[in-house]
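Enquirer: when you get a sec, could you give me coordinates for this:
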Amino acid sequence: MMESATKQECGEIEYAWCLSELNAFFSTIRPDNSVLLLDELLDHLDKKSIRFACFIDALLGTDLWKGLYFESNPYPKLCHDLANCIDELNSSFEFEPPYHSRKHFVDVCVGISALLSQNVERDEVQQLSPWILSKEDSWLLLFAAIGHDYMHRGRINSVDYENELISLNGLQLFLDEYSDFSSEYKQTLMNKLHRLILPTCFDFTYLLYEKINKGMGDQLDCL
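Expert: Next up, the predicted model:
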């Protein structure tokens, strides 16, 4: 049902083209060709000027993300709806931020997905590593990637974590609209999003690196 609605919303041709490009990229990317293929794909996507929500729907339709699906997975709808909110909001801006724009959101989501494509089918011994993600971890990471600069207007932080907190407040308002989610579920998800999004503030990212390098990082720190 969602795939059918997706094609109607963003156009069958645009959806099919984007889906084909993404599937081809994820099926051929390797450590030795990743930079070249990533640059080519991002350039193609940028020139097509596909609506962000259409890109996200095509991304969710790829073999990669279909292979990461799990039962009662709430994230495809969350990602789809948040992408539509971002399109609506950013289209209302007089000027979209030159860097913290939907193009940047696309770059981040493709980069995250490329990393995850190299993180599947590991042997059982490696599953003990905090760098190996479960299917639910992967979806959480994608949702955080989509929303990490939500409501960003391109301004530099005037106080610590200013823009990051604006995005988190926006995500809280977004989740509040999901009446079928319990308050406990929303709070747990928001706690995780705080752990993921706050360290994207460049002034304090080094604190996360130090924590991990000292062997004190947990699963969310690695995410």
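
Enquirer: okay, and Phe70 sits in which element?
Expert: Phe70 belongs to no helix or strand when assigned by DSSP states H and E.

Enquirer: would you agree it is in contact with Ser138?
Expert: No: assessed by CB atoms under 8 Å, Phe70 is found out of contact with Ser138, at 9.5 Å. Just so you know, the C-beta spots here come from the backbone N, C-alpha and C atoms, and that holds for glycine as well.

Enquirer: who has more neighbours, the two?
Expert: It is Ser138, of Phe70 and Ser138, that has more neighbours when counted by other CB atoms under 10 Å, with 23 against 11.

Enquirer: can you tell me the SS state at Asn191?
Expert: helix (DSSP: H, G, I helix; E, B strand; the rest coil).

Enquirer: run a quick neighbour tally on the closest residue to Arg195 other than its chain neighbours.
Expert: The spatial neighbour of Arg195 that comes closest, neighbours along the chain excluded (CB to CB, 6 or more residues apart in numbering), is Leu220 at 4.5 Å. Neighbours of Leu220 under the rule other CB under 10 Å: 15.

Enquirer: likewise for Ile212?
Expert: Using other CB under 10 Å, Ile212 has 15 other residues around it.

Enquirer: check which helix or strand covers it.
Expert: Ile212 belongs to helix 205-213 when assigned by DSSP H and E.

Enquirer: just checking, Leu64 touches Ser117?
Expert: Yes: the criterion here is CB under 8 Å, and Leu64 meets it with Ser117 at 5.4 Å.

Enquirer: mutual contacts of those two, please.
Expert: Here Leu64 and Ser117 share the contacting residues Phe26, scored by CB atoms under 8 Å, 6 or more residues apart in numbering.

Enquirer: quick one: mean pLDDT for stretch 38-53?
Expert: Averaging pLDDT along stretch 38-53 gives 93.

Enquirer: how far off centre is it?
Expert: Chain-centre distance of stretch 38-53: 15 Å, with CA atoms, centre = their mean, to the nearest Å.

Enquirer: show me which residues of it are buried.
Expert: Using 16 or more other CB atoms under 10 Å as the burial criterion, the residues of stretch 38-53 that qualify are 38, 41-42, 45, 50-53.

Enquirer: swap in stretch 79-92?
Expert: Neighbour-count burial for stretch 79-92 [16+ other CB under 10 Å]: 79-80, 82-87, 90.

Enquirer: right, I'll call it a day here.
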